[in-house]
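In: fold the following.
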Amino acid sequence: MRRWFLMLLSLCTLFYAFGADRLNVVVTIPPLGSLTRELVGDKGEVIVLLPPGASPHVYEPTADKMKLIARADLFVENGAGLEMWAEKMLKGSSNRKLVLVEASKGIKLIGAKAGHEGKRTRGGNPHVWLDPILAKKMAHNIEKGLEQVDPENKAYYRENLRKLQAKLDALDREIRRRIGGIRDKRAVVFHPAWDYFARRYGIQIVGVVEKSPGKSPTPRDIATIIREIKRYKVKVIFIEPQFNPKVAEMIAHEANVKLATLDPLGSSKEDYFKLMRRNLKAIEEVFR
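Out: The predicted structure is shown next:
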């Protein structure tokens with residue numbers, strides 16, 4: 001009995017030591033979690049804070065999520081004002097060794113205010129990860145953070161970055177091949193998550209239902225959207241799983257257009273490429 005106890009104790013000690021050597025990486029939103037996992041590989045664990053169905057604009061972290069920061073080596077956020085709650089988490093943490101990565105750093109934001117470059121809130125659209133080419137820059141920023149906390153495995157992370165950026169290039173080519181030739185790609189979106197994707201792939205967004213998260217459109221806004229839908233012969237309103245579709249449903253009924261779902265976040269169990277291809281399929285089905 002004593003021998004079994006000592007063996008178990010040895011295994012636990014070994015497990016603890018192995019775990020202690022691995023990186024602990026905390027990431028704010030699922031798409032960044034996926035990109036980070038591709039870079040971390042088998043060198044550590046990546047935990048995503050945002051639960052399925054939640055909006056990063058209005059999320060409030062629980063006490064359990066706060067504890068994750070205490071033992072993390074690296075914290076990865078999108079930045080650009082997306083996760084205002086993350087700043088509170090970091091200020092409340094006593095983990096002085098924590099390295100912070102703002103994945104969108106260095107990316108020129110749509111609608112950014114002049115003179116706010118380098119600031120945490122730059123006043124622009126933060127949804128940069130939905131453009132695979134901009135996601136390459138985000139992956140680069142995350143990889144630099146990994147090098148900082150684990151310089152011994154620098155070559156490993158750089159190789160993973162090379163592979164990830166090649167996959168993002170391939171995704172970009174696939175999107176162009178599948179929807180690039182479609183001429184009429186006019187749409188209304190629920191909120192401004194798809195501006196970078198639309199700019200890259202030629203989708204014309206003629207209206208936005210909810211311009212600011214949580215701020216419902218006025219009757220005048222709704223009338224304007226319906227008028228623009230009819231004027232531009234828009235076929236679809238893209239809604240999102242993170243927002244109540246009630247207003248969009250009413251507009252779609254009044255304007256006699258269809259609804260389709262695009263998901264800018266997915267879940268922590270769905271990788272970035274599956275998420276983007278799921279959205280691509282939805283776009284393809286509407287416009288073809």
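
In: number of nearby residues for Arg173?
Out: By the criterion of other Cβ atoms under 10 Å, Arg173 has 12 neighbours. (C-beta placed from N, C-alpha, C; glycine too.)

In: ok, the one 3 residues further on next?
Out: Using other Cβ under 10 Å as the criterion, Arg176 is surrounded by 13 other residues.

In: quick one: what helix or strand has it in it?
Out: helix 154-179 (DSSP states H and E).

In: name the helices or strands packed onto that helix?
Out: Applying 3 or more Cβ pairs under 8 Å, 6 or more residues apart in numbering; DSSP states H and E, one finds that helix 154-179 makes contact with helix 30-40, helix 132-149, helix 195-201, helix 272-287.

In: with distance to Leu262 added, can I get these in CSV?
Out: Listed next are those as CSV, based on distance: least, Cβ to Cβ, whole Å:
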stretch, distance to Leu262
helix 30-40, 13
helix 132-149, 15
helix 195-201, 9
helix 272-287, 5
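
In: now, of the ones you listed, which is deepest in the fold?
Out: helix 30-40 (a mean of 25; mean count of other Cβ atoms under 10 Å).

In: quick one: that one to chain centroid distance?
Out: Taking Cα atoms, centre = their mean, to the nearest Å, one finds helix 30-40 lying 10 Å from the centre of the chain it belongs to.

In: so which elements touch that helix?
Out: Packed against helix 30-40 by the contact rule (3+ Cβ pairs under 8 Å, 6+ apart) you find strand 23-27, strand 44-48, strand 74-77, helix 132-149, helix 154-179, helix 272-287.

In: picking up where we left off before, which positions within the helix holding Arg176 qualify as buried?
Out: Residues of helix 154-179 classed as buried by neighbour count (16 or more other Cβ atoms under 10 Å): 156-157, 160-161, 164-165, 167-168, 171-172, 175, 178-179.

In: returning to what we had before: make TSV out of the helices and strands packed on helix 154-179 and add mean pLDDT.
Out: Formatted as TSV, the helices and strands packed on helix 154-179 follow (pLDDT from 0 to 100):
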stretch	mean pLDDT
helix 30-40	98
helix 132-149	98
helix 195-201	98
helix 272-287	97
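
In: just to revisit the earlier point, following the helix holding Arg176, which helix or strand comes up?
Out: Heading C-terminal from helix 154-179 (DSSP H and E), you reach strand 186-189.

In: what lines up beside that next one in the sheet?
Out: Note on strand 186-189: by DSSP bridges, its sheet partners are strand 204-208 (parallel), strand 236-239 (parallel).

In: pull the CA atoms of the last one into CSV?
Out: What that stands for is strand 236-239. Extracted C-alpha coordinates of strand 236-239, given in CSV (Å, rounded to 0.1, in the frame of the first residue of the first chain):
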residue,chain,number,x,y,z
VAL,A,236,-30.0,40.3,-47.1
ILE,A,237,-29.6,41.6,-43.5
PHE,A,238,-26.7,39.8,-41.8
ILE,A,239,-27.5,39.2,-38.1
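
In: C-terminal to it, what's the next element?
Out: Taking DSSP H and E, what comes next after strand 236-239 is helix 246-255.

In: again, but for the first one
Out: Note on strand 204-208: by DSSP H and E, the next helix or strand toward the C-terminus is helix 219-232.

In: any idea how far that next one is from the chain center?
Out: Distance of helix 219-232 from the chain centroid (Cα atoms, centre = their mean) equals 29 Å.

In: same deal with stretch 127-134?
Out: Distance, centroid of stretch 127-134 to centroid of chain: 9 Å (Cα atoms, centre = their mean).

In: can you list contacts of it?
Out: Residues outside stretch 127-134 that contact it (Cβ atoms under 8 Å, 6 or more residues apart in numbering): 29, 31-32, 35, 78, 80, 82, 103-104, 107, 109, 135, 138, 168-169, 171-172, 175, 192-197, 199-200, 264, 272, 276.

In: so, low pLDDT: which residues of this structure?
Out: Residue ranges of the chain with pLDDT under 70: 1-20, 113-122.

In: so which residue is smack in the middle of it?
Out: Pro31 (4.1 Å; Cα atoms, centre = their mean).

In: look up how far Asp221 lies from Gly33.
Out: 34 Å (Cβ to Cβ, to the nearest Å).

In: meant to ask about Asn279
Out: 25 Å.
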